[in-house]
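In: Predicted model and sequence below, questions to follow.
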Amino acid sequence: MNDTALAIFAGAMEGLGMAQKNKLILEEARMKLDQDKEIFGIDKKIKELQLKKHEFDLGPEQIKAEKEKLKAETAAKNAVYALSLMKIESATKEEDRKAEEHTKAMTLADKILSNQLDLQPGQRIDIGSVSAGQSVGRNNGSSYVNPWEMKPARGQAGALPKTNSLTDEDLALLD
């Protein structure tokens with residue numbers, strides 16, 4: 001197994017582990033959010049029953065004001081719940097995207113191993129936002145993988161030159 005493939009596997013496995021850990025944290029946050037909503041619903045019912053109990057003791061204006069206050073609190077809490085839920089869903093989608101990128105990196109490593117491709121120092125292979133290759137300079141010849149590297153799309157100014165040994169057909173098979 002060559003160093004590049006090992007570096008890709010190591011980076012991808014670490015990334016997949018982080019994505020799974022983050023998804024578990026998000027699932028816990030969602031469960032807590034649901035629990036908080038349920039508790040708020042119970043508290044709301046208690047307040048409604050207390051208002052009903054005090055209807056005879058309080059004046060109609062005061063009862064109306066208390067009902068409006070409860071209605072406003074409920075609307076505010078529902079808005080906060082909806083916003084929090086949207087944030088959790090958005091973060092979950094982002095973690096799914098990251099996991100997919102790391103899976104692509106694993107596919108890239110498999111492709112390197114199956115073709116026994118050896119990258120020369122300075123050469124790299126890119127799939128999506130996953131980049132792997134051999135570094136140049138002080139650590140000449142050491143392998144790296146950077147699944148978080150942001151690079152311009154092909155054809156845009158500043159796009160990196162195509163320096164991989166895989167053909168476009170090979171890359172299409174990986175997508």
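Out: Perfect, I can see it now. Numbers count the residues shown, from 1 in each chain.
In: all strands for this structure, in order.
Out: Ranges of strands in the chain, per DSSP state E, are 124-127, 130-134, 143-146.
In: These: lowest mean pLDDT?
Out: For these, mean pLDDT drops lowest on strand 143-146, to a mean of 48.
In: what does stretch 73-81 contact?
Out: 33, 36, 37, 40, 44 (CB atoms under 8 Å, 6 or more residues apart in numbering). In short, each C-beta sits where N, CA and C put it, glycine included.
In: Apply 6 Å and report the result again.
Out: Residues from elsewhere that reach stretch 73-81 (CB atoms under 6 Å, 6 or more residues apart in numbering): 37, 40.
In: May I ask which helix or strand of the chain has the lowest mean pLDDT?
Out: One helix or strand of the chain scores below all others by mean pLDDT, DSSP states H and E: strand 143-146, with a mean of 48.
In: Surely residue 99 is in contact with residue 20?
Out: No - using CB atoms under 6 Å, residue 99 makes no contact with residue 20, being 7.4 Å away.
In: Between these two, tell me which one has more neighbours.
Out: Legend: neighbour count by other CB atoms under 10 Å for residue 99 and residue 20, higher for residue 99 (19 against 12).
In: Quick one: residues contacting that one.
Out: 16, 19.
In: confidence score at it?
Out: 87.
In: now it: how far from residue 42?
Out: 37 Å (CB to CB, to the nearest Å).
In: residue contacts, residue 12?
Out: Residue 12 neighbours (CB under 6 Å, 6+ apart): 102, 105, 106.
In: Find the nearest non-adjacent residue to the last one, please.
Out: Closest residue in space to residue 106, ignoring its immediate chain neighbours: residue 12 at 4.7 Å, by CB to CB, 6 or more residues apart in numbering.
In: what is the rounded mean pLDDT of stretch 70-77?
Out: 94.
In: list the buried ones in that stretch?
Out: Of the residues in stretch 70-77, residue 77 count as buried by neighbour count, 16 or more other CB atoms under 10 Å.
In: same check, this time on stretch 84-95
Out: Those would be 84, 88, 91, 92, 95, for stretch 84-95 by 16+ other CB under 10 Å.
In: Repeat that for stretch 43-58.
Out: In stretch 43-58, residues buried by neighbour count (16+ other CB under 10 Å) are 47, 51.
In: State the mean pLDDT of that stretch.
Out: 88.
In: got the CA coordinates for it in CSV?
Out: What follows is stretch 43-58, C-alpha atoms only, in CSV (Å, rounded to 0.1, in the frame of the first residue of the first chain):
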residue,chain,number,x,y,z
ASP,A,43,-46.7,24.2,30.9
LYS,A,44,-49.0,25.9,28.5
LYS,A,45,-51.9,23.5,29.4
ILE,A,46,-51.2,24.2,33.1
LYS,A,47,-51.4,28.0,32.5
GLU,A,48,-54.6,27.6,30.6
LEU,A,49,-56.2,25.6,33.4
GLN,A,50,-55.0,28.1,36.0
LEU,A,51,-56.6,30.9,33.9
LYS,A,52,-59.8,28.9,33.7
LYS,A,53,-59.7,28.5,37.5
HIS,A,54,-59.1,32.2,38.1
GLU,A,55,-61.8,33.3,35.6
PHE,A,56,-64.2,34.0,38.4
ASP,A,57,-61.7,35.8,40.6
LEU,A,58,-60.3,38.1,37.9
